[in-house]
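Peer 1: got a structure for you, letters missing:
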């Protein structure tokens, strides 16, 4: 009897230990939403090598710079860039105080909901009308208010619920390994900074994006910075590399993007000495997200797909590599 | 006898303790090169308040942004900005391969050592001739080489020996109290980044300065960023505020400058909520450094001096407040 009881107790203990061990393993996997596969292995092996002091590929902490595109890389970007959806929403909010928009194009069409024929120059007009004319503090409050309440037209989710859970884990994983994470995006810095710190844990000073001209003046003795209707930097394609040089001042050792607009950044990253991780997120999941690449009107991935294939850059296949898409 | 010996031993111990104690106190003053006075008190009281969780002026660590002008604030700037002295040195180095400069102005005059009549547009030509045409990596190597060897024309010191010891202590002191320290300077980002990390312990991504246009291209398949002869941003006066908005994305709670070119930055800092520290370094020491303000051709401090006085901003009087100037 005693031996049996002892045996049973031992077995219970053993089973408990196994269960706890499994739970611990699952919990302790920093990339829990990533399926085991080439993409996950490429990331973890890269991080292991650059953080191992005995590796020939070791990189000191201060030089562990990782850059991330935002639209299509950290959150979705269909059927339109979310910042454009913000501009359209904002235009409707402002319409009552702009009766002239009822007849003036492109505003009249947009307010009627007809955005299919919007050309780039129309879009710029809409962006200027909604992104300038106010102080920088006012704009920040406007975006914070929108992002807290607005819903995506097809999923019905809040926009901050459409960030990619596996990428949130990747950001945390890199930071836990001494990386400094930056956004390098075509999106506006003012638009992104209103919410990215809370969502991605990336502070404003690590957000590099497109910028507007601003005007400094003293209004009743109080210094004010007003947003002007003029782009200063359109942070896309080759400009991303220039901005990385001007604003970060170091070449990234890892860079993540999803479109041809990120190709120059990935090339620049790949061309550095030592081990580098230039990585494309390939939108392959038309059930859980969207499926698009070479012919997409948003986030076109054509040249980049060829280059990644020919250079053997590891690529993320969203459908195969990600256990889940959104948090 | 025994009592006397005991007494002597006790006295020795006491004296040793006093000496150690004094040495420790001196060592443990993070602002050891600052004389006790209003300036030092303003700094330490400010830091105490914004870091004290029970203070109404407490500021969370992520928002403790401090910005520093460089020329005249962190290192000397007379008789000319050191970056201009770099350009003049560089012009001489390049002259043998530019025989046309013997007759072409402003190069001919500069090479003859006649820089007194140099106008702004001449200076821009000299800057372009010495700061562009090479890759960003090549420029970085050129500056690193110069800063390691070049000597100041009147002091004979290396330029990095002409940084201000009290300001080095201030940078360390603020960082030890959870501040993130940024340079916001009219100097070129590429020029500063080649050496500021080693000297000020400010990483490249926290250096905001004037920038050049760059051009991205693939040279034999290798991505290259070439410096072009065109200013993108002249980071002075109101532009400093714009760049703080675009690059840092938060309003500083402390800012340090020495000229009218820093006034907008100090005004912007002062106008935020809560406790703020906008602080001018006043060059008052013609023995140990230079003495200049309202009429100086470099680092003019005129409007700024009036504003600091009328607003009651604490000011650093170099002669009175600093025990020593250079390390």
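Peer 2: Looks like it came in fine. Keep in mind that this is a model prediction, so the values were computed, not measured. Numbers count the residues shown, from 1 in each chain, chains lettered A, B, ... in the order given.
Peer 1: Three-state assignment for residue A:235, please.
Peer 2: Classification of residue A:235 into helix, strand or coil gives coil, according to DSSP: H, G, I helix; E, B strand; the rest coil.
Peer 1: who touches it in this structure?
Peer 2: By C-beta atoms under 8 Å, 6 or more residues apart in numbering or on different chains, the contact list for residue A:235 reads A:184-186, A:208-211, A:243. Yep, even glycine has a C-beta here, placed from its N, CA and C like the rest.
Peer 1: Can you tell me the closest non-neighbouring residue to whichever residue of the stretch 1-150 of chain A sits closest to chain B?
Peer 2: In the stretch 1-150 of chain A, the residue that lies nearest chain B is residue A:136 (5.6 Å; C-beta to the nearest C-beta). Leaving aside its chain neighbours, residue A:136 sits nearest to residue A:225 (4.6 Å; criterion: C-beta to C-beta, 6 or more residues apart in numbering or on different chains).
Peer 1: about what we covered before: and the residue of the stretch 1-150 of chain A closest to chain B, how many neighbours?
Peer 2: 20 (other C-beta atoms under 10 Å in any protein chain shown).
Peer 1: Could you do the one 3 residues further on as well?
Peer 2: A total of 23 residues lie near residue A:139 under the criterion other C-beta under 10 Å.
Peer 1: Tell me which helix or strand it sits in.
Peer 2: With secondary structure defined by DSSP states H and E, residue A:139 is part of helix A:136-149.
Peer 1: ok, now residue A:309?
Peer 2: Secondary structure from DSSP H and E places residue A:309 in helix A:303-311.
Peer 1: For the stretch 1-150 of chain A, which segments are assigned as helices?
Peer 2: Using DSSP state H, counting those that start in this stretch, the helices of the stretch 1-150 of chain A run over residues A:2-28, A:38-51, A:82-94, A:107-111, A:120-131, A:136-149.
Peer 1: re earlier: name the residues of the helix holding residue A:309 that are buried.
Peer 2: A:304-305, A:307-308 (16 or more other C-beta atoms under 10 Å in any protein chain shown).
Peer 1: right, and the pair among these with maximum separation?
Peer 2: Largest separation among the buried residues of helix A:303-311 by C-beta to C-beta: A:305 and A:307, giving 7.4 Å.
Peer 1: So which bits of chain A are right by chain B?
Peer 2: Proximity of chain A to chain B is confined to A:62, A:65, A:136, A:180, A:182, A:189-190, A:193, A:197, A:203-207, A:211, A:213-216, A:218, A:222-223, A:225, A:232, A:238, A:241-242, A:245-250, A:264, A:267-268, A:271 under the rule C-beta under 8 Å from any C-beta of the partner chain.
Peer 1: so can I have JSON lines of the buried residues of helix A:303-311 showing pLDDT?
Peer 2: Putting these into JSON lines (pLDDT from 0 to 100) gives the following:
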{"residue": "A:304", "pLDDT": "98"}
{"residue": "A:305", "pLDDT": "98"}
{"residue": "A:307", "pLDDT": "97"}
{"residue": "A:308", "pLDDT": "98"}
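Peer 1: Go through those and name the one nearest chain B.
Peer 2: The shortest separation between chain B and any of those is 10.8 Å, and it belongs to residue A:307 (by C-beta to the nearest C-beta).
Peer 1: before we move on, back to that, got the angle between the helix holding residue A:139 and helix A:82-94?
Peer 2: 100 degrees (axes from the mean of the first three to the mean of the last three C-alpha atoms, to 10 degrees).
Peer 1: So what touches helix A:136-149?
Peer 2: Around helix A:136-149, the neighbours that count as contacts under C-beta under 8 Å, 6+ apart are A:86, A:89-90, A:131, A:134, A:158-160, A:190-191, A:193-195, A:214, A:225-227, B:245.
Peer 1: Okay, angle between it and helix A:120-131 too, please.
Peer 2: 100 degrees.
Peer 1: Which secondary structure elements does the helix or strand just after helix A:136-149 sit against?
Peer 2: Using DSSP H and E, the helix or strand that follows helix A:136-149 in sequence is helix A:165-176. For helix A:165-176, the elements it packs on are helix A:38-51, strand A:65-68, strand A:180-188, strand A:254-257, judged by 3 or more C-beta pairs under 8 Å, 6 or more residues apart in numbering or on different chains; DSSP states H and E.
Peer 1: still on that earlier bit, neighbouring contacts of the helix holding residue A:309?
Peer 2: Taking C-beta under 8 Å, 6+ apart as the criterion, the residues outside helix A:303-311 that touch it are A:257, A:259-260, A:262-263, A:266-267, A:270, A:278, A:280, A:282, A:293-294, A:313, A:315.
Peer 1: go with 6 Å
Peer 2: Residues outside helix A:303-311 that contact it (C-beta atoms under 6 Å, 6 or more residues apart in numbering or on different chains) are A:260, A:263, A:280, A:293, A:315.
Peer 1: just how off-centre is that helix within its chain?
Peer 2: On the basis of C-alpha atoms, centre = their mean, to the nearest Å, helix A:303-311 sits 21 Å off its chain's mean C-alpha point.
Peer 1: what lines up beside the next helix or strand after it in the sheet?
Peer 2: Past helix A:303-311, heading to the C-terminal end, the next element that is a helix or strand (DSSP H and E) is strand A:315-317. Applying DSSP bridges, strand A:315-317 is found paired with strand A:277-282 (parallel).
Peer 1: how about the partner strand: buried residues?
Peer 2: In terms of neighbour count (16+ other C-beta under 10 Å), strand A:277-282 has its buried residues at A:277-282.
Peer 1: same check, this time on stretch A:192-205
Peer 2: Within stretch A:192-205, the residues that count as buried by 16+ other C-beta under 10 Å are A:192-197, A:199-200, A:202-205.
Peer 1: try stretch A:234-245
Peer 2: Taking 16+ other C-beta under 10 Å as the neighbour-count basis, stretch A:234-245 is seen to contain the buried residues A:235-245.
Peer 1: could those residues go into TSV alongside pLDDT and secondary structure?
Peer 2: Converted to TSV, the buried residues of stretch A:234-245 look like this (pLDDT from 0 to 100; DSSP: H, G, I helix; E, B strand; the rest coil):
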residue	pLDDT	secondary structure
A:235	89	coil
A:236	92	coil
A:237	94	coil
A:238	94	helix
A:239	94	helix
A:240	96	helix
A:241	97	helix
A:242	94	helix
A:243	94	helix
A:244	96	helix
A:245	95	helix
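Peer 1: which of the residues you listed lies closest to chain B?
Peer 2: Proximity of these to chain B was ranked by C-beta to the nearest C-beta; the top entry is residue A:238 with 3.8 Å.
Peer 1: Residue A:213 versus the closest one, what's the distance?
Peer 2: From residue A:238 over to residue A:213 the distance is 21 Å, taken as C-beta to C-beta, to the nearest Å.
Peer 1: cool, residue A:276 as well?
Peer 2: In this structure, residue A:276 and residue A:213 are 35 Å apart, going by C-beta to C-beta.
Peer 1: Mind putting the buried residues of stretch A:192-205 into TSV with pLDDT and secondary structure?
Peer 2: Written out in TSV, the entries for these read as follows (pLDDT from 0 to 100; three-state DSSP):
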residue	pLDDT	secondary structure
A:192	98	helix
A:193	97	helix
A:194	96	coil
A:195	97	coil
A:196	97	helix
A:197	97	helix
A:199	98	helix
A:200	98	helix
A:202	98	coil
A:203	97	coil
A:204	97	helix
A:205	97	helix
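Peer 1: Next, residue A:155: phi, psi?
Peer 2: When quoted as degrees, to the nearest 10, the phi and psi of residue A:155 stand at phi -90, psi -20.
Peer 1: Can you pick out the most distant pair from the buried residues of stretch A:192-205?
Peer 2: Every pair in those was compared (C-beta to C-beta); the two farthest apart turn out to be A:199 and A:205, at 16.2 Å.
Peer 1: Buried deepest among the helices and strands packed on helix A:165-176, which one?
Peer 2: strand A:254-257 (a mean of 28; mean count of other C-beta atoms under 10 Å in any protein chain shown).
Peer 1: which one of the helices and strands packed on helix A:165-176 lies closest to residue A:96?
Peer 2: By C-beta to C-beta (comparing all of the helices and strands packed on helix A:165-176), the closest turns out to be strand A:180-188, at 24.7 Å.
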